[in-house]
Each structure stands twice: as structure tokens, then as C-alpha cells.
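**Student:** need a 3D model of the following:
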Amino acid sequence: MLTQTTTRVLEPSDLGAALAILESEPVANAFVTARVRIAGLDPWRLGGEMWGWYADGRLRSLCYSGANLVPICATPEAVRAFADRARRTGRRCSSIVGPAEPTAQLWRLLEPGWGPAREVRAHQPLMVTESLSAQVTPDPLVRRIRKDEMDVLMPACVAMFTEEVGISPVAGDGGLLYQARVAELIGAGRSFARIEGGKVLFKAEIGAATPQACQIQGVWVAPEHRGRGLSETGMAAVLRYALADVAPVVSLYVNDYNTPARRAYARVGFRETGAFMSVLF
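**Tutor:** Got it, this is the predicted structure:
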């Protein structure tokens, strides 16, 4: 039996069908779902195109193509179709990121034309929790950052990004886009830190957020304060805010080689439920 398939750029009228796909896996898709819920499917507002893969006239899989290339609920056949489209349009993204299996397949297909990558992180455990752990007491000094504290927070944000990604977020445009994103999270009440003497000791943000799930990102402890358990008590504090004010399920993903962080998150109550993969250009 032959199956007719097609791939096209989704339009605003496809929003309901796209959200149905996205919300079928609310934790894994939180990043893209949050963007779509705010911006819809108009490429100018969304910051990229949403590609849809159809089988027998029904939308089955998605791929977000913007600053990141993100396969969403993508079957192997859909991944092949998305790779074909990506090859035709050329690389516009700074990374490919998503659930490990379809992302690995997508990269295998694109690597001959797009490679080499600057770095490939093939296995990044996805960790999830719905409750606070009784083992770790939240740090009472971790709090929401005020808008007038952005200048205090920014050096820590830049240090975290540079340490994690390997390049500075202020390169190129002088950091304007990155500063805007930091300001957006502060304004939304989703940026948290422990500040003493005008310096950040611990920080983290609740990045993607939907009614079903949210994602903690940008976890950082000042180098001179590492090894004191601040990541655990600080994460417990951010988790408490997230569960109370944002969503019933909280997730994050972490590099598999970062054993101390994985252990710390497990003590706070997170469990591994899957894996992501990132290809950095």
C-alpha cells in the first residue's frame, strides 16, 4: 500500500494542527511549543519557519527551522523529508537540537553537506520532576531578579553561556540579542539568583514555559563558590518557584559528561526520562 507524503511550510491557519502535535509530547517539545503559543506560525513573529510533514493528508511531524533546527515528533521518513528541505535551503541555523534519535538521523543526512560541526553532543540526558525532594532544602537567598539588577546579572549570564557553548554571546552583534533575551526572562519573573555583595553566586532561569511543562536552563555557580552545594540548594529553590508558579512538570537537559551536575539534579528530585542531542556550528 502506497502512502502519499508531502512537506510544506505551515501557515497561521495550521496552528491548531501544529499545537496538537507539539502538545502530544509536552516535555520534549516545551521549547518550541512555548514559542508557537506566543508567536503563532507566522515566520516573522516566530523567528523561523515551521515545516510540516504530511502522510495521507494528515499532519504527522514538524521541524522548526530558525536559529535552531529542531525535529519534532519526527518519524524516520519525516526526518528524511526535513533533511531534503534543509539541504535545499542551506544552513541558516547555529545548531541542530532535539530528541537524540531523530536528531542523530537528521545530522547523519546533513553532515556531508553541512559538516563539520564545531561540536556534537550526542547524548544529553533529559531530566524531569513533578515534585520537590525532601533531601535538599531550597536556598532561601535565591530569589527573582529585579529589572534594575540586570547589570549585576549579565556578567554571570555571559560567563555561563561562554562556559557552556564555547563562544561568547556578545560576539557579533555586541550581545544585543542575548541581552534582550535576558531582559525578557527577568521581565517575565523567570530569572533567579543568589546575590551577595553585588555578585552572583548562583543563577538559573526558567526558559521555555507552557501550561503543561517548563524547562530550567542557564544553571551556573561562580567558580570560587563551587563544591559548596549551591547548585543543589539553588536548584531546589528554582524548582519550588517553577512548580508553584509556572507548570506542574519541570525539565532540563544536561551534558552526559557533566557527572557532578547530573548527581546534583538527581538529589534535587530529577530523574532521567530520555535524551537530547545537540550539534553546534
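**Student:** contacts for stretch 90-101?
**Tutor:** The contact list for stretch 90-101, computed with C-beta atoms under 8 Å, 6 or more residues apart in numbering, reads 28, 65-72, 74, 103, 106-107, 110, 114, 122-124, 274-281. C-beta here means a position set from N, CA and C on the backbone, and glycine is covered the same way.
**Student:** try it again at 7 Å.
**Tutor:** By C-beta atoms under 7 Å, 6 or more residues apart in numbering, the surrounding residues in contact with stretch 90-101 are 28, 65-71, 103, 106-107, 114, 123, 274-281.
**Student:** pull out the buried members of the residues you listed.
**Tutor:** 28, 65-66, 68-71, 103, 106-107, 114, 274-279 (16 or more other C-beta atoms under 10 Å).
**Student:** narrow these to those in strands?
**Tutor:** Among those, DSSP state E puts 65, 68-71, 274-279 in strands.
**Student:** Arg85 falls within a strand, correct?
**Tutor:** No - with DSSP: H, G, I helix; E, B strand; the rest coil as the criterion, Arg85 is located in helix rather than a strand.
**Student:** what count of nearby residues applies to it?
**Tutor:** The number of residues packed near Arg85 is 17, by other C-beta atoms under 10 Å.
**Student:** follow-up on the earlier one: from the ones in strands among the buried ones among the contacts of stretch 90-101, which is closest to Glu11?
**Tutor:** Nearest to Glu11 among these is Ser65, at 14.6 Å by C-beta to C-beta.
**Student:** that closest one bridge partners, please.
**Tutor:** On the basis of DSSP bridges, Ser65 takes part in beta bridges with Glu49, Leu69.
**Student:** look up how far Leu109 lies from it.
**Tutor:** Using C-beta to C-beta, to the nearest Å, Ser65 is found at 15 Å from Leu109.
**Student:** OK, contacts around Pro112?
**Tutor:** Not one residue lies near Pro112 by C-beta under 7 Å, 6+ apart.
**Student:** got the phi/psi numbers for it?
**Tutor:** phi -60, psi -30 (degrees, to the nearest 10).
**Student:** that concludes my questions; thank you for your assistance.
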